[in-house]
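A.B. asks: Predicted model and sequence follow; I will ask about them next.
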Amino acid sequence: HLDVFSFLGARTIRALGASALLLPAAALTCSMLAAQATPAASGQPAQPAALAQSAPSAAQVQPSAAAAAPPAPQAQDTFNLMDALRGGEPLTSLEAAERALKSAPSLARVEAVAHRAEIAAEQANISLYPKLDLEARYTRVSAVEAPAALSQFIRFQENQGLFQARLQWPVSAVFLSVIPRHAALAKAAESQRIQTYVERQTIKLRTREAYYNYARARAALMVAKAALAQTEAHRKDSEALVAAGSIARVELMRAEAQVAAAKVAQARADNAVATARSALFTLVHHEGTADITVSENLEEELPLGGDGEDVIYKRALERRSELRALRLLAQSQEKQLSATKGAMLPVIAVGGTAEEGNPNQRFFGSYNEWKGSWALYASLIWTPTDTWSASMQADQVKADMAATQADLRSLADALRVEVSQAYNGFASAHVALDAARAGIAAAEESYRVRREQFRAGAAIAVDVIDAEAQLRQARLDLVNTLIDLRVAKVRLDRALEAD
């Protein structure tokens, strides 16, 4: 019986020694068999198993397996977003936007166009005043002999001079064409000036989005580095368990494949950071390639607000500069149409001249003598081709007015979509944020438990790999949710033009 016990006990212990959690159960089984076999050999009645002697400990039965167990696990890494975003110069999204405004070439161009429109309006204002021409002229004419009968009365002067001032004011054109055209250009200049504000808002939105995308890439790189560290730790655990004979070598090969995949993911994250950094630094015209410190607290709570989507849309219709610019453009086109219609009519003009001539043609017999004269006049001028041309210009202005009205309706529809996307994106990000925070806590605990179970032999490698993937995805979800929340808030503020 002792031989049978020794044979069965050794087989049982060797079969179950790979699992540290099952060694106490194997030792208890051996003690029960020993308690039943010993009385039978001595001829004494059998004792209950509970009264038998204690079985030897797992360390006494399998000292080699205990010595080959993997080292104690290190402290679980934690997710600290702000640590991943540290670098050189601290910068917030608003500071990045202000820096981009100072050097944006697109803003400089829009401001130049607005300045040009203002100059055009001032130029049209000059046409409100009478036109004054000043002329000084010297003329040398060929010699002509007067008829003999008139030679005593008429003499032809070869050297002639003239100083003349001419003043003309198209009265009807001033009221029917010039004043409406000046008003049209003034409205157009005001509309173009609003476009500079629109461009400023666009640059700020684009820069802040680039800032948050840069922060997203930096955080994703941190997640990739943490995932690589986890896979390398899992590979070390697998190496120790393979050396102990507790798991098959294929599990180590699988762990090594996970390490290789994690390195690829980190390389891609590095490239994503480089791309996002280049986009942000180009907008703010920042020299160098060293990472900045994202000093904005991305984990700060952002209130949702109590206004509904319809209320926000109505407020956006009242505030948006693009709509105000288009309305001013429509008013400018109405004034331009009035000016074009005025150009179709005949022109009533008044004017006058004053001259000092040698000789003066108004004085008979004047010879080599400076004399002055003046004249006033009123005229009615109609040019049929000008009327025809103005009629065609009026048709063009009407077509432009129709296009502007269509642009207004199109912009209102686009603004509805923009407000809806920003509002619902902001609300969805709020809901997703709580879920992401709960998910990352559960994923971290699941990874910790699975790794400890794997080290104890109660879990397989696939369980650890799945827990690593879930933790990596949970951290990425939290990063994306935090960034999406701020991007949605920036877009919602842009829809309302709220700083």
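C.D. replies: Alright, I've got the coordinates.

A.B. asks: Just give me how far whichever helix in the chain runs longest sits from the chain centre.
C.D. replies: The residue-count maximum for a helix in the chain (DSSP state H) belongs to helix 384-456. Centroid separation for helix 384-456 versus its chain: 11 Å, with Cα atoms, centre = their mean, to the nearest Å.

A.B. asks: burial of Q333, as a residue count?
C.D. replies: Using other Cβ atoms under 10 Å, Q333 has 22 neighbouring residues. Just so you know, the C-beta spots here come from the backbone N, C-alpha and C atoms, and that holds for glycine as well.

A.B. asks: shift numbering so it begins at 602
C.D. replies: Sure, I'll start numbering at 602, so the last one becomes Q934.

A.B. asks: Find me whatever residue is spatially closest to it, sequence neighbours aside.
C.D. replies: Closest residue to Q934 apart from its sequence neighbours, by Cβ to Cβ, 6 or more residues apart in numbering: M1002 at 4.6 Å.

A.B. asks: Contact partners for R855?
C.D. replies: By Cβ atoms under 8 Å, 6 or more residues apart in numbering, the contact set of R855 is 839, 1062, 1066.

A.B. asks: Count residues in the vicinity of the residue nearest to Q934, would you?
C.D. replies: Around M1002 there are 17 other residues, counting by other Cβ under 10 Å.

A.B. asks: Let me see the contact set for it.
C.D. replies: Listed by Cβ under 8 Å, 6+ apart, the contact set of M1002 reads 931, 934-935, 938.

A.B. asks: Most neighbours among these, which one is it?
C.D. replies: The member of those that has the most neighbours, counting by other Cβ under 10 Å, is Q934 with 22 neighbours.

A.B. asks: pretty sure A774 contacts P947?
C.D. replies: No - between A774 and P947 there is no contact under Cβ atoms under 8 Å: 9.6 Å.

A.B. asks: Could you check which of these two is surrounded by more residues?
C.D. replies: Each of A774 and P947 had its neighbours counted (other Cβ under 10 Å), and the higher figure belongs to A774 (21 against 14).

A.B. asks: which non-adjacent residue is nearest the more buried one?
C.D. replies: For A774, the nearest residue in space outside its immediate sequence neighbours is V948; the separation is 5.0 Å by Cβ to Cβ, 6+ apart.

A.B. asks: List phi and psi for that neighbour.
C.D. replies: Listed backbone geometry of V948 is phi -110, psi 130, with angles given as degrees, to the nearest 10.

A.B. asks: Report pLDDT for it.
C.D. replies: On the pLDDT scale, V948 is placed at 94.

A.B. asks: pretty sure it is touching W770, no?
C.D. replies: No - using Cβ under 8 Å, V948 makes no contact with W770, being 10.6 Å away.

A.B. asks: Settle it for me: which of these two has more neighbours?
C.D. replies: Set side by side, V948 and W770 show unequal neighbour counts under other Cβ under 10 Å, the larger going to V948 at 19 against 16.

A.B. asks: Quick one: residues contacting that one.
C.D. replies: For V948, the contacting residues are 771, 773-774, 981-983, by Cβ under 8 Å, 6+ apart.

A.B. asks: buried residues in stretch 889-902?
C.D. replies: Neighbour-count burial for stretch 889-902, with 16 or more other Cβ atoms under 10 Å as criterion, is recorded at 892-893, 895, 897, 899.

A.B. asks: do the same with stretch 916-936
C.D. replies: Those buried within stretch 916-936 under the rule 16+ other Cβ under 10 Å are 916-917, 921-927, 929-936.

A.B. asks: same deal with stretch 688-698?
C.D. replies: Residues of stretch 688-698 classed as buried by neighbour count (16+ other Cβ under 10 Å): 692, 694, 696-698.
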